[in-house]
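Novice: based on what follows, work out the 3D shape:
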Amino acid sequence: MLEEKKKTIKEVIIIAGVIMTVFLGIRFMLGLNVNESPFYVVSSGSMIPTLNINDVLIIQGGNFNDVKIGDIIVFKRPNIHDKIIVHRVVKISDVNGVTVLTTKGDNNPSIIPGTDYPITKDDYIGRVIFVIPKLGYITNLFPPPINYIIVAIIIMIIFINSFSKTKHKKSDNSKTIE
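Specialist: Below you'll find the predicted structure:
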């Protein structure tokens, strides 16, 4: 019994390590800062119909100067940094030698001063590269860290289930016919 508990604890630690490594690997591959997440959930209707509430966004970091008009970007509200915003770039300007972006929500009637501009390199988080529709409902049902624990448990169940199937197949194949 004690050996089984030790084995289970070891498997949980391994799975948690794998999850952490994958998450950090994704963050590194997408060129994000250590303190930035590659995943964001849309929480307002400002980008409808392109992005809907509860869509999960996967973003890529990278060079601020590579942003183009038409890109959908994730950024901190200029100067205040109190909100994370997802809007489309509508204008790129040079103000006193500094590149400044102006954005607008696709569903907004106009640009919102103090939110949509002036966005500088310090405000920029990344560019949206992939959208998973409606997956954000899970994050709204369960607040962090519970939602992360649920995802980790689901991954653990899948891992353990596939591991046990592989183990059973190996033991079935090892039978000899006399």
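Novice: any weak-confidence spans in this protein?
Specialist: By pLDDT under 70, the low-scoring segments of the chain are 1, 23, 34, 144-156, 158-159, 162-163, 165-178.
Novice: which other helices and strands contact the lengthiest strand in it?
Specialist: Determined from DSSP state E, the single longest strand within the chain is strand 84-95. Here strand 84-95 touches strand 72-76, strand 98-104, going by 3 or more C-beta pairs under 8 Å, 6 or more residues apart in numbering; DSSP states H and E. (Glycine included, C-beta is placed from N, CA and C.)
Novice: and the angle for the longest one with strand 72-76?
Specialist: Meaning strand 98-104. Here strand 98-104 runs at an angle of 110 degrees relative to strand 72-76 (axes from the mean of the first three to the mean of the last three C-alpha atoms, to 10 degrees).
Novice: now do strand 98-104: which elements does it pack against?
Specialist: Strand 98-104 is packed against strand 72-76, strand 84-95, with contacts defined by 3+ C-beta pairs under 8 Å, 6+ apart.
Novice: what about the residue nearest in space to the middle of the chain, distance to Ile129?
Specialist: Here the mean C-alpha position of the chain is nearest to the C-alpha of Phe39 (C-alpha atoms, centre = their mean), at a distance of 1.2 Å. To Ile129, Phe39 is 11 Å away according to C-beta to C-beta, to the nearest Å.
Novice: specify the beta-bridge partners of Ile58.
Specialist: Beta bridges link Ile58 to Phe39, Phe130 when assigned by DSSP bridges.
Novice: from Ile9, how far off is it?
Specialist: Ile58 is 32 Å from Ile9, by C-beta to C-beta.
Novice: more crowded one of these two?
Specialist: Neighbours per residue (other C-beta atoms under 10 Å) separate Ile58 from Ile9, with Ile58 holding more: 16 against 10.
Novice: what sits against the more buried one?
Specialist: Residues in contact with Ile58 (C-beta atoms under 8 Å, 6 or more residues apart in numbering) are Leu30, Pro38, Phe39, Val128, Ile129, Phe130, Val131, Ile132.
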